[in-house]
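Novice: Return a 3D structure for these sequence lines:
(chains A and B)
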Amino acid sequence: MPSATVNKPRPSELLSRLTSAEPEVKVRALREVKNQIIGNRTKKLSFLKLGAVPAVAGILADSIDDVTENNNCNNTNNFLVQSAAALGSFACGFDAGVQAVLDAGAFPNLLRLLANPNEKVVDAVARALRMIYQSKLAPKYDFLQQKNMEFLISLLNSEKETVSGLGASIITRSCETNLEQKALFDAGILRKLNSLLEGGSLSQRDASLESLATVFRNNPEVISKFAGPEIGRPLSSIIDLAKDRYPRTRLLACMCLIVIRNASPHFLQDIGIKTKLIHILLELLDDPGQVGDEAPFAFSSLIAQKEDLQKLALEANAIDKFHHHIKKGSLHPRRYEGILLALADMCSKLESCRSKFLSLQVLNLVADALTDYNAGVRAAACICLKSVTRSIKNLSAGYFMNETIVIPLVQLFLDPSTSVQVAALGATSNIVVDFTTRKSIFVQCGGMKQLVQLAKSMESSVRSNALWALKNFVFQADNRLKEGVFSELTASLLSSLIRDPEPSVQEQALALVRNLVDGCINLIEFVFAEDGLILGAIGRQLQCASKAEIGIQGMYALCNVASGNEFHREAVMQLLFTQMGDKNQSFVVKFLQSNDSQLRTATVWTIVNLTCPSSPGAPCRLEKLRNAGIVSQIKNMVNDPCVDVKLRVRTVLGQSMAFGDN
Amino acid sequence: MASSKKLISREEWEKRLNNVKIRKEDMNKLVMNFLVTEGNVEAAKKFRMESGTHPDIDLATITDRMAVKKAAQCGNVKDAIEKINDLNPEILDTNPQLFFQLQQQRLIELIRNGKVEEALEFAQEELAPRAEENQSFLEELERTISLVAFEDTSNCPVGELLDISQRLKTASEVNAAVLTSQSNEKDPKLPSLLKMLIWAQNKLDKKAAYPCINDLSNARLEDPTF
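Specialist: Here you go, the predicted structure:
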């Protein structure tokens, strides 16, 4: 008679039975705990909170002692198997569980038990250890110690799949540096993995593919040694597996091949293999499970930053396929995120891809994703937007500055996740470079005010990205807009941002000033507001600029100020000559001598504006510059390797001769 | 108009067939593979004794797997779950779809036995948390729960869930999962062979008239016709 009854003791009751003196009660309770937690994350968490893990780890430890004392074998083995299985389940895909198992001190016991004579015990223990090694929290395995390498080799050589699988997962988790990769190669591990690839079972092949990819990552030397004298053969077994009947094997094989491609310019570069990889990955999207979820990430790793592959993928209708999958809806968040990031990579460089994207109306679907409940999806949607909005053609047409996109995007400025905020700011930075007169839409939906708020964030990446967006927003914007931004920002905020502890923030703040004061002479007054707060901040920051970019933006800001009237020019002069401490050399000379051509250009431009012949104060300023050795420095730059610098140097020298230079 | 197809007489065909040598060992292996994959342990053991054919997998593992399948077929889902976990705890821990399906079957059995209150409690405690994480699980859960609302389950839109076929479907999924976890092929070879035969005949049909096999169960050759 079918029985499907659900009466079971409460968790706390079960736990107390784990410490029972009667072995029968104890082992039954142990098995019940194990059966309740397997597959059930909620139960794992609640048992964890009740302290189940230390209790189970204790049973494991006690049973080991029993083994040593040769007590009742069958019973002991049963305890060992059940407790190991329970610990393994706590650790399966559940970081809190892994941590608890490690904290309970079970790890060394599990390792010892690998040598146990009973097969079922070894299986349970090997599985539990493999679950731990699938987590980032696993203890680091030191491959460079001889003893450890020998132990690893013994694991891989084992007849038992569970044990050799453990060996492979240790490699996949712990092998990180080139040194470790080389050590593994020297110990003959790769040959062993390759034999598992060719003669092993399904799970051994899959585990092997993952380990090989880990050892190959960013290591062209190991790759060429592996592909070695029998050129093509080891690689061809991996290539064959890319066409295997099991989807997971195909995915892992592709990922391994991509690692090889990306690390080494000599292998897998022909168009045949590139096309094959693209097609296999696109076809794997159809898998309804985890394989289909991970396929777009593998696709991204294949095409990212590579125009030739993006072109091939475009021809293979990748964008259509991704569109088709998103349209279906109710996607697993991981898959959704992966597809959006893959689209972002596709559209990152090629206008042809962006056109295809826009023509298929994918933009609306991506706009929907901006309000998804999953943070990863929201961030990915923003990153995708950032790529697509690089299309100057469409920016110029004002295609993106509309409410469907701008409103949800601005809402993300307040997102609880920092990475979403930063991604939204990235997309915004492109969108606000709108060349039409529609920038006001952004102000209307509160975007500009939000950006200013974010410029005060505690996260430096949020501050610098918000400033970036503001910088782009005011780029060639009309006066009214600029005044609006400035009054919202205030001089004191902007000057403190110029003096921000983070260099990236300083740079963006200076660039923002540069864009604000560019164009109309009235706008230059911004830097003089509140007793010249901003101008002063620029001067102080240029004195101690930690990188060239800060100097570049600061000098261009001064350059723009110096394009105003006499008062402005005199103020800049004063700034250039303010000494600080015992430095007797103006930063101007330092900048002129910089290796960075953009910095030299910006500085010479500023001198050009200061010595403009039509201004009455020019001769006086020129004298000062001459006395400070700046003019002779400029004379030395007549043959500067950078054309921009050379031309501006000639302008300065031409202007100085107009005042009778000797 | 004369046919462009080549005609092959039965005599000629049978002569050609006789020239193709098939080894007995290969056929035995196919039979063994079929018995083993389907889980017919006793038959497999007898066949091993009588023909000397060695199975590809350990017959002891078949017994374990069959116990799981049988429990699922009988609706003893809790028992089936415990047995799978004894065999390999990873299977259900790494296969949320299968685990949900089994829990769903448990729910169906509770409803079938009229234990409505217990069923609702079970659904809330065990299934609802899974459904929170997954849209399709949620839909399945709602479908299953709706069984409770119907007095006459033979006529309700989700009545098929109560059908024995649902149990068999679950049992077969479980069988496949265990086979895969043991790194064994979950499908026997014999059906693939027969499919290949049908495909080859379809191809050949376009080029020739020959004695073909239309009834797979008796594999009788039928005379060629135009």
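Novice: quick one: contacts for A:Leu111?
Specialist: Contacts here follow CB atoms under 8 Å, 6 or more residues apart in numbering or on different chains; on that basis A:Leu111 touches A:Leu129. For every residue, glycine as well, the C-beta is placed using N, CA and C.
Novice: tell me the pLDDT at the residue nearest in space to the middle of chain B?
Specialist: The centre of chain B sits closest to B:Ser172, judged by CA atoms, centre = their mean, with a distance of 5.1 Å. According to the prediction, B:Ser172 has pLDDT 89.
Novice: Could you pull out the helices in chain B for me?
Specialist: Under the criterion DSSP state H, chain B contains helices at B:10-19, B:24-38, B:41-51, B:59-73, B:77-87, B:90-93, B:96-112, B:116-122, B:128-132, B:135-145, B:164-181, B:189-205.
Novice: want to try TSV for those helices, with distance to chain A as columns?
Specialist: Shown next, in TSV, are the helices of chain B (distance: least, CB to the nearest CB, whole Å):
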stretch	distance to chain A
helix B:10-19	31
helix B:24-38	15
helix B:41-51	20
helix B:59-73	10
helix B:77-87	5
helix B:90-93	4
helix B:96-112	4
helix B:116-122	5
helix B:128-132	4
helix B:135-145	5
helix B:164-181	8
helix B:189-205	12
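Novice: What is the neighbour count of the closest residue to the residue nearest to the centre of chain B other than its chain neighbours?
Specialist: Once flanking residues are discounted, B:Ser172 sits nearest to B:Lys69: 7.8 Å by CB to CB, 6 or more residues apart in numbering or on different chains. If you count neighbours by other CB atoms under 10 Å in any protein chain shown, B:Lys69 ends up with 22.
Novice: do the same with B:Ala171
Specialist: There are 22 residues near B:Ala171, going by other CB under 10 Å.
Novice: My guess is it contacts B:Lys69. True?
Specialist: Yes - here B:Ala171 reaches B:Lys69: they are 5.1 Å apart, a contact under CB atoms under 8 Å.
Novice: which one is the most centrally placed residue in chain A nearest to, not counting chain neighbours?
Specialist: Central residue of chain A (CA atoms, centre = their mean): A:Ser419, 9.5 Å from the mean position. Of all residues not flanking A:Ser419 in the chain, A:Ala379 sits nearest, at 5.2 Å (CB to CB, 6+ apart).
Novice: and that neighbour, what element?
Specialist: Under the criterion of DSSP states H and E, A:Ala379 resides in helix A:375-388.
Novice: Dump the helices of chain B into a markdown table; add distance to A:Ser461 as well.
Specialist: Shown next, in a markdown table, are the helices of chain B (distance: least, CB to CB, whole Å):
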| stretch | distance to A:Ser461 |
| --- | --- |
| helix B:10-19 | 76 |
| helix B:24-38 | 56 |
| helix B:41-51 | 63 |
| helix B:59-73 | 52 |
| helix B:77-87 | 46 |
| helix B:90-93 | 37 |
| helix B:96-112 | 35 |
| helix B:116-122 | 47 |
| helix B:128-132 | 32 |
| helix B:135-145 | 33 |
| helix B:164-181 | 44 |
| helix B:189-205 | 56 |
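Novice: so where's the chain shaky on pLDDT?
Specialist: As the question left the chain open, I've gone with chain A. In the predicted model of chain A, residues A:1-8, A:70-72, A:229-234, A:436, A:579-585, A:660-662 satisfy pLDDT under 70.
Novice: Let me rephrase: I mean chain B.
Specialist: B:1-3, B:153, B:225-226.
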